[in-house]
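Asker: Following is a predicted model, sequence given first.
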Amino acid sequence: MELGSILQFLDKKTILVTGGAGFLAKIFVEKVLRSQPNVKRLYLLLRAPDKKSANQRLQTEVIGKDLFKVLKQKIGANFSSFISEKVTVVAGDITHEDLGIKDPQLKEEMLRDIDVIVNLAATTNFDERYDVSLYLNTFGAKHVLDFAKKCSNIMVLVQVSTAYVSGERDGLILEEPYHLGNTLNGAPGLDVEAEERLVQQKLNELRAEGATDEKIKFTMKDLGIERARRYGWPNVYVFTKALGEMLLLHCKEDVPLVFIRPTIITSTYKEPFPGWVEGIRTIDSLAVGYGKGRLTCFPGNPEAVVDVIPADMVVNAMIVSMMAHANQRSNEAAIYQVGSSVRNPVRFTLLHEVAHHYFTKHPWINKEGKPVIVGKVKVLGSMASFHRYISIYYLLPLKGLELVNTAFCQYFRGMYLELHRKINFVLRLIDIYRPYLFFKGIYDDINTEKLRIAARESGGGRNRHLLL
């Protein structure tokens with residue numbers, strides 16, 4: 001694989017980024033604008049009813065973030081005019097045809113000018129409603145592809161997926177495609193169109209019954225888990241992302257297509273500065289829970305490899321893959337798994353030691369202004385030991401509270417119901433995340449490594465700050 005200068009590739013390019021207010025999308029936008037200010041234009045698709053609302057989201061949820069402080073320092077007083085010139089916000093929604101773009105003149109302009117599309121719009125909620133996840137992660141991706149086909153000068157479509165479309169497989173997991181009808185457990189009958197009909201039928205039934213919004217929400221959540229596990233996927237998120245990959249691969253025709261499959265994305269490693277993260281992400285919630293003294297036990301394999309990858313490394317892979325596959329038309333898609341489990345494996349025990357060292361030296365300050373003293377977490381090496389722990393320390397006291405509540409004529413009813421709700425919530429979360437707590441897979445990244453080597457050796461050293 002031979003690559004030229006990546007910065008030269010970005011020069012005067014027009015790029016559409018969907019899910020423009022998302023975590024990775026912001027890092028991608030900042031990276032492109034800072035590395036190549038001569039990029040022609042970035043279209044940011046944001047969910048909004050109109051352009052005014054979309055512009056407000058751009059200012060508060062994207063440009064206004066601390067992430068852009070390095071770019072602001074670089075551009076200086078002309079920052080606002082620079083953003084106005086380079087970034088066009090688009091009110092839209094990928095769950096609709098033509099991405100829900102209502103302005104015909106803007107749509108015509110985009111179809112004429114766009115060179116690259118990066119689809120980052122998705123719901124990453126493991127416990128999402130099936131209808132929401134299917135329409136966004138699967139059929140939303142198809143709408144992005146349909147839009148790409150209409151673009152006169154489309155060079156490549158980058159679909160950001162997830163490495164965990166692999167499900168619960170053990171051993172070395174290769175960078176291989178999933179085709180329509182493939183299932184992880186060999187179960188027959190998986191049909192994307194049939195899944196859509198099933199969702200619509202279930203929604204119609206619930207509405208005909210006069211079901212409450214709450215009932216519809218939980219029924220659709222349960223349906224998502226049931227359909228995912230029927231075909232071997234552990235949750236609705238990875239199931240619908242896998243369906244999205246299948247649908248794009250089947251329908252791509254000659255559109256150059258890249259699948260980026262990151263593992264667990266963490267804060268930035270280097271760019272624009274170390275440690276930037278937004279919100280409490282998957283693995284961050286464990287660190288926060290531990291620092292606050294709330295995580296006293298944890299079910300999982302202490303020797304398991306936790307495959308984490310910094311966000312800026314994922315963005316670098318996205319950018320390099322764009323250039324590598326621009327105008328490379330074939331029947332296949334390029335697949336890049338971006339992770340650390342092969343080349344720099346991190347075990348759960350190491351994460352625990354680092355967290356203990358950090359919070360011992362820099363303790364969390366509670367609401368009373370006192371430091372939280374952290375101890376070692378009790379690691380429960382099997383689901384059986386976890387359920388025993390829950391039974392002894394939570395379910396038995398809950399049963400005792402139930403008896404006391406009955407004896408005192410429901411005096412403790414509020415306390416009992418709240419505790420019952422919290423325990424059920426934890427048990428559901430553990431059930432959803434269980435496959436990752438005892439995960440034994442290692443993600444092969446040979447394609448990504450080849451991309452990294454090509455970027456390092458090409459471009460006369462000009463690609464050095466875009467290395468993976």
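Answerer: The structure has been received and is ready for your questions.

Asker: Show me which residues of stretch 174-192 are buried.
Answerer: Neighbour-count burial for stretch 174-192, counted by 16 or more other C-beta atoms under 10 Å, picks out 175, 178, 183, 184, 190, 192. (Glycine included, C-beta is placed from N, CA and C.)

Asker: Equivalent analysis for stretch 197-217, please.
Answerer: Buried residues in stretch 197-217 (16+ other C-beta under 10 Å): 199, 202, 203, 206, 216.

Asker: which ones among the buried residues of stretch 174-192 are found in helices?
Answerer: residue 192 (DSSP state H).

Asker: Any chance of the buried residues of stretch 174-192 in CSV with distance to residue 27 and pLDDT as columns?
Answerer: As requested, these are exported to CSV (distance: C-beta to C-beta, whole Å; pLDDT from 0 to 100):
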residue, distance to residue 27, pLDDT
175, 23, 97
178, 27, 97
183, 34, 98
184, 31, 97
190, 34, 97
192, 31, 97
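
Asker: I figured residue 315 hits residue 27, correct?
Answerer: Yes: taking C-beta atoms under 8 Å as the contact criterion, residue 315 and residue 27 are neighbours in contact, 5.0 Å apart.

Asker: Who has more neighbours out of these two?
Answerer: residue 315 (29 against 25; other C-beta atoms under 10 Å).

Asker: Doesn't that one belong to a helix?
Answerer: Yes: counting by DSSP: H, G, I helix; E, B strand; the rest coil, residue 315 falls inside a helix.

Asker: and it, what does it touch?
Answerer: Residue 315 makes contact with 24, 27, 28, 31 under the criterion C-beta atoms under 8 Å, 6 or more residues apart in numbering.

Asker: Give me the buried subset of those residues.
Answerer: The buried subset of the contacts of residue 315 - by 16+ other C-beta under 10 Å - is 24, 27, 28, 31.

Asker: Helix or strand: which one has the third one?
Answerer: Think residue 28. helix 23-35 (DSSP states H and E).

Asker: After that helix, which helix or strand is next?
Answerer: strand 41-46.

Asker: what angle separates that next one from helix 23-35?
Answerer: 160 degrees (axes from the mean of the first three to the mean of the last three C-alpha atoms, to 10 degrees).

Asker: what does the helix or strand just after strand 41-46 contact?
Answerer: Heading C-terminal from strand 41-46, the first helix or strand you meet, by DSSP H and E, is helix 51-57. Here helix 51-57 makes contact (C-beta under 8 Å, 6+ apart) with 21, 46, 48, 89, 90, 91, 103.

Asker: Name the residues of helix 51-57 that come out as buried.
Answerer: Residues 51, 54, 57 are the ones in helix 51-57 that count as buried (16+ other C-beta under 10 Å).

Asker: which residues of the stretch 1-150 of the chain score low on pLDDT?
Answerer: 1-4 (pLDDT under 70).

Asker: hmm, 90 instead?
Answerer: 1-6, 126-127 (pLDDT under 90).

Asker: How about the stretch 201-350 of the chain?
Answerer: For the stretch 201-350 of the chain (pLDDT under 90), the answer is 278-304, 306, 347-350.

Asker: And the spatially most central residue of the chain, its phi and psi?
Answerer: The chain has residue 124 as the residue nearest its centroid, 4.8 Å off, counting by C-alpha atoms, centre = their mean. Residue 124 adopts backbone torsions of phi -100, psi 10, taken as degrees, to the nearest 10.

Asker: Please enumerate residues in contact with the longest helix anywhere in the chain?
Answerer: Ranked by number of residues, the top helix in the chain under DSSP H is helix 413-437. Here helix 413-437 makes contact (C-beta under 8 Å, 6+ apart) with 126-127, 164, 167-168, 225, 234-235, 299-301, 304, 383, 386, 390, 394-395, 398, 401-402, 405.

Asker: Restricted to buried residues, select these in PyMOL.
Answerer: Isolation of the buried members of the contacts of helix 413-437 (16+ other C-beta under 10 Å) is achieved in PyMOL through the command below:
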select buried, resi 126+127+164+167+168+225+234+235+299+300+301+304+386+390+401+405
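
Asker: Out of the contacts of helix 413-437, name the ones that lie in strands.
Answerer: residue 299 (DSSP state E).

Asker: Confirm residue 102 sits in a strand?
Answerer: No: judged by three-state DSSP, residue 102 forms no part of a strand; its state is coil.

Asker: pretty sure it is touching residue 93, no?
Answerer: No: using C-beta under 8 Å, residue 102 is not in contact with residue 93, being 10.2 Å away.

Asker: Mind putting the contacts of residue 315 into JSON lines with distance to residue 356?
Answerer: Formatted as JSON lines, these follow (distance: C-beta to C-beta, whole Å):
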{"residue": "24", "distance to residue 356": "30"}
{"residue": "27", "distance to residue 356": "29"}
{"residue": "28", "distance to residue 356": "34"}
{"residue": "31", "distance to residue 356": "33"}
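
Asker: What count of nearby residues applies to the residue nearest to residue 375 when sequence neighbours are not counted?
Answerer: Once flanking residues are discounted, residue 375 sits nearest to residue 296: 7.7 Å by C-beta to C-beta, 6 or more residues apart in numbering. Using other C-beta under 10 Å, residue 296 has 14 other residues around it.

Asker: SS state for residue 88?
Answerer: Assignment for residue 88 (three-state DSSP): strand.

Asker: Give me the buried positions along stretch 290-310.
Answerer: Buried residues in stretch 290-310 (16+ other C-beta under 10 Å): 290-291, 295, 298-301, 304-310.

Asker: distance between the ends of that stretch?
Answerer: 21 Å (C-alpha to C-alpha, to the nearest Å).

Asker: one step back: take the buried residues of helix 51-57 and lay them out in JSON lines including distance to residue 17.
Answerer: Output for those, formatted as JSON lines (distance: C-beta to C-beta, whole Å):
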{"residue": "51", "distance to residue 17": "17"}
{"residue": "54", "distance to residue 17": "13"}
{"residue": "57", "distance to residue 17": "13"}
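
Asker: if I look at the closest residue to residue 352 other than its chain neighbours, how far off is residue 312?
Answerer: Closest residue to residue 352 apart from its sequence neighbours, by C-beta to C-beta, 6+ apart: residue 377 at 6.1 Å. For residue 377, the distance to residue 312 equals 29 Å [C-beta to C-beta, to the nearest Å].

Asker: Which of those two has more residues huddled nearby?
Answerer: Between residue 377 and residue 312, residue 312 has the larger neighbour count (other C-beta under 10 Å), namely 24 against 19.

Asker: which SSE is the more buried one in?
Answerer: With DSSP H and E as the criterion, residue 312 is inside helix 311-324.

Asker: Tell me where the stretch 301-450 of the chain has helices.
Answerer: Taking DSSP state H, counting those that start in this stretch to define them, one finds helices in the stretch 301-450 of the chain at 311-324, 348-361, 383-390, 396-407, 413-437, 446-457.

Asker: related to what we said a few turns ago, ok, now how distant is the residue nearest to the centre of the chain from residue 237?
Answerer: Using C-beta to C-beta, residue 124 is found at 6 Å from residue 237.

Asker: what residues are shared contacts of these two?
Answerer: Joint contacts of residue 124 and residue 237 (C-beta under 8 Å, 6+ apart) are residue 162.
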